[in-house]
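Student: Show me the folded form of this:
(one chain, ligands or ions: 2)
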Amino acid sequence: MDLEGMTVVELKDTLRSLKLPLDGNKAELIERLEHAAQTMPESVFQYDDIKGMDPLIHWFKMTGRLFSPEAAIYGFTRFPAGVLLTGVPGCGKSMIAKAIANEWNMDFHRVHPEELVGPCVSDNERFMRELVDDLAARAPVVCFMDEAEKLLGQTKAGSMYRAADAARDSAESILLQFMEDDNSGVFFIFTANEFEKMSPALLDRFHGRFFIDLPSSTARKDIISSMLEIRQRNPSDYDIERLAEISDGFSGRDIRTAIDEAMKSAFFQDARPLVDSDLVEAFAQAIPTSEIHKEQIADMREMVSQGKMRAANSQEFGAGVLAVKGGSQLEWV
Ligand SMILES: Nc1ncnc2c1ncn2[C@@H]1O[C@H](COP(=O)(O)OP(=O)(O)OP(=O)(O)O)[C@@H](O)[C@H]1O
Ligand SMILES: [Mg+2]
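Tutor: Residues are numbered from 1 along each chain as shown. Ligands and ions are numbered 1, 2, ... in the order given. This is a model prediction of the structure:
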């Protein structure tokens, strides 16, 4: 939710619906909502909710089987340690993590920054020790660390807490050791926007490393249809082909935001039915993620072509996605 972009009235409406106090200035209202969002139960997703990512889903289906008793009988000696997801913002990383915990029938633990980084230098180490002990006790569990490179990465600038690097490194080495030794069934899902800032030793622990790109045209059709269905609309009442065309460059989140905008304008006009033109207008007004994050996306695609990451998205040759051009060179067309 874009809390900063909401008006005070909208913030208060949301707080009211959650039965939370309405006093305070805008910053305080936002803080209260952020806190509520962090402590809210996670939404439940399934593989089927994730559109246009067949290679990644296939990998998850295979990897999930390794937690079964049959895998141990077959001769596997270790559980898989984790997966690293990088990709375009709003294209499903968090959603995938929740879907995995649900599909694998595991507990889900999302690591919040304050759980790992404290004001005292020694906190970081102690917090990490507590985290991994807790995870081992709760196994099988999926541990989700969003923006892991910011928490653990080698970058020092811009950190809110500026813990001494030595302590941070040893917090990281506790994690590394744990991932190496532990076999109680803790599966780490890390997301990183700049995964090159993560230490090579940590990167090595992740056998699965996937890049999640913007949804293709087919995926956008599926996302639009399923989002309309969730909102009690019949997709066949709308021109899905056209909406998919004009949403080129949209993330899944952009699509969701545009659909909600369209519904909002119809709803404010005496709750009249949602029509195609509402959607077309909202889609036309949105600024797609492909424009906002143009350079970042180009850099990330480059990593896929260099073989550092695997493409999570289903490939559609000639449909504006990854294609092989001249020899084994991968290019985006
Ligand atoms: N491939 C997809 N299929 C279906 N829905 C999607 C897809 N990608 C994104 N969405 C929708 O967009 C929402 C936002 O996605 P999500 O929060 O998982 O993105 P993210 O990659 O974690 O973003 P961020 O980088 O900002 O954390 C999802 O809850 C879902 O409604
Ligand atoms: Mg996310």
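
Student: Tell me the residue of the stretch 51-200 of the chain that sits nearest ligand 2?
Tutor: For the stretch 51-200 of the chain, the residue closest to ligand 2 is Ser94, as judged by Cβ to the ion, at 3.2 Å. The way it works is simple: take the backbone N, C-alpha and C, and place the C-beta from them, glycine included.

Student: How many neighbouring residues does that residue have?
Tutor: Per other Cβ atoms under 10 Å, the neighbour tally for Ser94 reads 17.

Student: Where does the prediction get shaky in the stretch 1-150 of the chain?
Tutor: Within the stretch 1-150 of the chain, the stretches with pLDDT under 70 are 1, 39-42.

Student: one more time with 80, if that's ok
Tutor: Scanning the stretch 1-150 of the chain for pLDDT under 80 picks out 1-2, 37-43, 119-122.

Student: where exactly do the helices run in it?
Tutor: If DSSP state H, counting those that start in this stretch is used as the criterion, the helices of the stretch 1-150 of the chain fall at 8-17, 26-39, 54-65, 69-74, 93-103, 113-116, 121-138, 148-152.

Student: Just give me the residue closest to the centre of this structure.
Tutor: When the chain is reduced to its mean C-alpha position, the closest residue under Cα atoms, centre = their mean turns out to be Lys93, at 2.1 Å.

Student: pretty sure that one is touching Gly87, no?
Tutor: Yes: counting by Cβ atoms under 8 Å, Lys93 touches Gly87, with 6.0 Å between them.

Student: tell me the contacts of the nearest residue to Pro140 once chain neighbours are set aside?
Tutor: The shortest distance from Pro140 to any non-neighbouring residue, by Cβ to Cβ, 6 or more residues apart in numbering, is to Gly185 (3.7 Å). Residues near Gly185 by Cβ atoms under 8 Å, 6 or more residues apart in numbering: Phe67, Phe79, Met106, Ala139, Pro140, Val141.

Student: pLDDT score assigned to Gly185?
Tutor: pLDDT, Gly185: 95.

Student: go on, Pro273?
Tutor: According to the prediction, Pro273 has pLDDT 96.

Student: burial of it, as a residue count?
Tutor: By other Cβ under 10 Å, 8 other residues sit near Pro273.

Student: ok, it to Leu228 distance?
Tutor: From Pro273 across to Leu228, the span is 13 Å (Cβ to Cβ, to the nearest Å).

Student: cool, and Leu22?
Tutor: According to Cβ to Cβ, Leu22 and Leu228 sit 33 Å apart.

Student: These two: who's more crowded?
Tutor: Taking neighbours as other Cβ under 10 Å, Leu22 and Leu228 compare with Leu228 leading, 21 against 12.

Student: Confirm that the more buried one sits in a strand.
Tutor: No: with DSSP: H, G, I helix; E, B strand; the rest coil as the criterion, Leu228 is assigned helix and is not in a strand.

Student: Identify the residues contacting it.
Tutor: By Cβ under 8 Å, 6+ apart, Leu228 lies in contact with Asn234, Pro235, Tyr238, Ile259.

Student: and which of the residues you listed is nearest to ligand 1?
Tutor: When the contacts of Leu228 are ranked by distance to ligand 1 (Cβ to the nearest ligand atom), Ile259 comes first, at 9.9 Å.

Student: Name the nearest residue to the closest one, ignoring sequence neighbours.
Tutor: Met227 (5.3 Å).

Student: Please tell me how far that neighbour sits from ligand 1.
Tutor: The spacing between Met227 and ligand 1, counted by Cβ to the nearest ligand atom, to the nearest Å, is 7 Å.

Student: Pro113 now?
Tutor: Taking Cβ to the nearest ligand atom as the measure, Pro113 falls 14 Å from ligand 1.

Student: helix/strand/coil for Ile174?
Tutor: Classified using three-state DSSP, Ile174 is helix.

Student: Contacts only, for it.
Tutor: Shown in contact with Ile174 (Cβ under 8 Å, 6+ apart): Glu125, Met128, Arg129, Val132.

Student: Could you provide the residues you listed in a markdown table, with additional columns for neighbour count and distance to Thr218?
Tutor: As requested, the contacts of Ile174 are arranged in a markdown table below (neighbours: other Cβ atoms under 10 Å; distance: Cβ to Cβ, whole Å):
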| residue | neighbour count | distance to Thr218 |
| --- | --- | --- |
| Glu125 | 20 | 47 |
| Met128 | 24 | 42 |
| Arg129 | 15 | 46 |
| Val132 | 19 | 41 |
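
Student: Many thanks, we can stop here.
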